[in-house]
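[1] No sequence on hand, only this structure:
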């Protein structure tokens with residue numbers, strides 16, 4: 001995978017202000033008796049941009065600024081403009097960033113007269129985030145040479161430069177891979193094509209230009225986890241850097257852009273149609289740092305066995321069972337303030353929303369239903385809130401593969417769980 005640096009030095013960075021997030025006091029989950037373990041702070045939205053406004057109007061300048069100029073660093077072909085020619089609201093709650101094959105103002109690029117215009121927005125000097133959930137719902141453009149990105153730069157960029165500032169690429173897509181996006185870290189000794197990251201590919205040959213998708217990171221001290229539509233596809237910690245410096249425990253600002261051409265995507269060709277649009281429904285940052293650093297929490301039950309997702313599969317309906325503790329992602333759980341318990345990007349779910357004794361527990365898309373609401377009591381019970389039943393190891397067994405189910409709370413050992 002090749003992920004070269006996109007940034008060029010611009011004057012606005014010298015004045016970038018540090019707007020760190022305020023710390024919030026944790027409060028207990030109220031869906032069930034207050035838990036003694038797994039308690040987290042409720043999420044607070046600190047940046048919520050829904051792009052409401054009349055069609056053709058510009059972005060909120062108290063939150064965003066438009067960069068201008070070309071980008072020789074990656075040999076991109078576009079000139080980034082200000083105003084609303086390339087970045088405007090559509091009147092339906094979306095920001096539309098448009099790449100056009102035109103140059104009405106006779107802009108000059110590194111290669112001569114510019115062939116394309118587009119837009120790049122950032123929040124430097126207006127908003128920074130340090131930890132939490134950073135997400136955007138977007139519909140991507142398509143075509144050879146088209147390169148949309150949702151990413152972040154360390155707020156100290158103007159002082160330390162790149163890559164010492166750090167760069168977190170939440171989503172990048174290059175046109176020759178219509179069904180794949182990439183998430184990447186760049187820092188000192190692992191930048192450009194040497195960045196640390198992975199890709200995510202939609203199932204069934206689907207393209208990201210066909211529909212809206214949600215791209216997110218869950219960011220905690222020494223841990224960053226990437227997901228698409230709630231499907232987690234990689235987690236990075238300092239252990240992935242081979243002794244090189246982790247530069248991601250500090251404030252970062254947000255960037256949205258649509259590039260044309262460059263070393264990685266290559267230039268447009270005769271198959272590329274213009275204009276191309278990156279449509280952004282929302283950008284949101286919250287303080288939901290319930291993704292623990294690093295790797296989540298284990299839930300241990302009878303016989304010291306771990307609550308486990310069978311086969312490490314994230315498919316809907318996957319059995320949740322007991323298994324020897326092995327430290328894999330199938331046994332890493334997030335206990336969230338909304339009452340959900342999550343693994344592999346999915347939620348712990350009572351099958352078919354049932355509440356009867358013997359209802360099996362499974363993994364399912366997080367959907368906000370009561371079947372996915374749990375409380376952890378001080379007595380080490382994990383309780384289904386609507387059923388008022390306990391998570392139970394079937395048959396009082398600690399054998400590998402023992403299914404988890406709902407059962408009337410009895411205080412027995414097969415209903416006791418340690419979350420740590």
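    Yep, that arrived. A quick note: this is a predicted structure, and the numbers were derived from the prediction, not measured.

[2] Tell me if residue 193 really is in a helix.
    Yes - counting by DSSP: H, G, I helix; E, B strand; the rest coil, residue 193 is found in a helix.

[3] Measure how buried it is and give me the count.
    Residues lying near residue 193 (other Cβ atoms under 10 Å) number 11. (Each C-beta comes from the backbone N, C-alpha and C, glycine too.)

[4] I'd guessed residue 325 sits against residue 305; true?
    Yes - Residue 325 lies in contact with residue 305 (Cβ atoms under 8 Å); the separation is 6.9 Å.

[5] on contacts alone, who are the packing partners of the strand or helix carrying residue 215?
    Assessed by DSSP states H and E, residue 215 sits inside strand 213-220. With contacts defined as 3 or more Cβ pairs under 8 Å, 6 or more residues apart in numbering; DSSP states H and E, strand 213-220 has these neighbours: strand 132-139, strand 167-172, strand 223-228.

[6] Kindly recompute the last result at 10 Å.
    strand 132-139, strand 146-154, strand 167-172, strand 180-186, strand 223-228, strand 231-236, strand 276-286 (3 or more Cβ pairs under 10 Å, 6 or more residues apart in numbering; DSSP states H and E).

[7] Just the terminal-to-terminal distance for stretch 172-179.
    This stretch, stretch 172-179, spans 11 Å end to end (Cα to Cα, to the nearest Å).

[8] Repeat that for stretch 261-279.
    From its first residue to its last, stretch 261-279 covers 19 Å (Cα to Cα).

[9] in the stretch 251-400 of the chain, what spans have low per-residue confidence?
    Across the stretch 251-400 of the chain, the ranges flagged by pLDDT under 70 are 288-296.

[10] Report the spatially nearest residue to the residue nearest the centre of the chain, omitting neighbours in sequence.
    Centroid-nearest residue in the chain: residue 216, 1.5 Å away (criterion: Cα atoms, centre = their mean). Nearest non-adjacent residue to residue 216, counting by Cβ to Cβ, 6 or more residues apart in numbering: residue 135, 3.6 Å away.

[11] what bridges to the one you found?
    For residue 135, the beta-bridge partners under DSSP bridges are residue 216, residue 284.

[12] show me what contacts the residue nearest to the centre of the chain?
    By Cβ atoms under 10 Å, 6 or more residues apart in numbering, residue 216 lies in contact with 133-137, 150, 170-171, 183, 225-230, 232, 284, 345.

[13] Give me the more crowded residue out of residue 325 and residue 305.
    Legend: neighbour count by other Cβ under 10 Å for residue 325 and residue 305, higher for residue 305 (22 against 15).

[14] Thought residue 416 was touching the more buried one, still the case?
    No - counting by Cβ atoms under 10 Å, residue 305 stays clear of residue 416, with 11.9 Å between them.

[15] what is in contact with those two at once?
    In contact with both residue 305 and residue 416: residue 393, using Cβ under 10 Å, 6+ apart.
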